[in-house]
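Q: Output the structure for:
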Amino acid sequence: MKIDYIYVVNFNISLVMKNLLRTSKILILLVFAIGLVSCNEQVRANKEMAKMAKQELKDEKILIEEFLNQQYDLVFYEESALLLATERANNPDITNFAKTQLSQLAKKKELLKYYKSKYHIQNDLNHFENTKSDLYKISVVSQKDFDKMFLKLYSDFITSKNQALESYNDDINKTDINEWNEVVMHQNRIVLKQTDSIFNNL
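A: Here you go, the predicted structure:
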């Protein structure tokens with residue numbers, strides 16, 4: 001009877017040990033599975049973050065291209081309108097103003113090339129269709145009304161362009177572009193004062 005008892009006790013201990021080992025294996029597998037899932041989640045999260053960062057860079061590059069197109073459009077309008085003014089202006093102050101502004105466009109063109117290259121913009125920069133129609137308005141003005149209409153239309157365009165450029169300082173986080181944009185907008189404000197002054201003295 002005693003032998004049977006010892007056998008039963010040993011059998012029960014053995015059974016408990018087997019159950020413990022089985023439970024331990026299950027626990028280890030569970031811990032491993034949780035670790036694996038957690039690791040996969042981290043990898044997935046890292047991939048998602050990398051994807052988002054890449055998208056942000058792509059979005060910013062699109063914004064930079066748009067911004068440079070706005071700058072190109074400004075130069076295109078200025079050059080075309082100022083050349084018209086040198087040919088058709090009746091007032092020498094307008095002729096001198098146009099010649100002075102034209103002389104400053106070369107630097108703007110060089111800066112456009114520089115930023116286009118720096119930020120790897122492959123597409124050509126183009127003027128906008130509505131800019132062509134704005135220029136057309138100046139070209140069809142009668143000779144006697146040219147001076148006042150040139151100053152008004154030129155001022156209107158510069159004002160609207162400054163409004164368009166201002167939004168890019170909030171959208172693009174590039175110090176060099178933001179600083180250049182501030183300089184351009186400041187120069188535009190000086191131009192507006194000059195055109196107002198000439199207009200008032202006509």
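Q: so the residue most central in space within the chain, which of the three states?
A: Nearest to the mean C-alpha position of the chain, by CA atoms, centre = their mean, lies L63 at 2.6 Å. Following DSSP: H, G, I helix; E, B strand; the rest coil, we place L63 in the helix state.
Q: Let me see the contact set for it.
A: Contact partners of L63, counting by CB atoms under 8 Å, 6 or more residues apart in numbering, are Y168, D171, I172. Where you see a C-beta, it was placed from the backbone N, CA and C, and this is true even at glycine.
Q: Make TSV out of the residues you listed and add neighbour count.
A: Supplementary listing: those in TSV, determined by neighbours: other CB atoms under 10 Å:
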residue	neighbour count
Y168	19
D171	12
I172	18
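Q: which among those residues gets closest to Q122?
A: I172 (18.2 Å; CB to CB).
Q: ok, the closest one to Y72 distance?
A: Distance of I172 to Y72, computed by CB to CB, to the nearest Å: 16 Å.
Q: Same question for I138.
A: 19 Å.
Q: try S139
A: The value you get for S139 to Y72, if CB to CB is used, is 20 Å.
Q: So which of those two has more stuff around it?
A: Y72 (19 against 11; other CB atoms under 10 Å).
Q: how far away is that one from K108?
A: Distance from Y72 to K108, by CB to CB: 9 Å.
Q: swap in E79?
A: Relative to K108, E79 is positioned 9 Å away (CB to CB).
Q: Please state the backbone phi and psi of the closest residue to T95 other than its chain neighbours?
A: Distance criterion CB to CB, 6 or more residues apart in numbering; nearest residue to T95, sequence neighbours excluded, is A89 at 4.8 Å. For A89, the backbone dihedrals (degrees, to the nearest 10) come out as phi -60, psi 140.
Q: Contact partners for A89?
A: Here A89 is in contact with T95, A98, F146, D147, F150 (criterion: CB under 8 Å, 6+ apart).
Q: which helices and strands sit right next to the strand or helix carrying the first one?
A: To tie it back to what came earlier, the one meant is T95. Using DSSP states H and E, T95 sits within helix 92-103. Under the contact criterion of 3 or more CB pairs under 8 Å, 6 or more residues apart in numbering; DSSP states H and E, helix 92-103 touches helix 2-88, helix 146-166, helix 175-201.
Q: Can you tell me what sits against the shortest one?
A: Read it as helix 146-166. 67, 70-71, 73-74, 77, 81, 84-85, 88-91, 94, 131, 134, 137-138, 141, 181, 184-185, 188-189, 191-192, 195-196, 198-199, 202.
Q: Can you pull out the low-pLDDT segments for the chain?
A: Applying pLDDT under 70 to the chain flags residues 1-25, 27, 29-33, 35-58.
Q: how about 80 then?
A: Regions of the chain meeting the criterion pLDDT under 80 cover residues 1-58.
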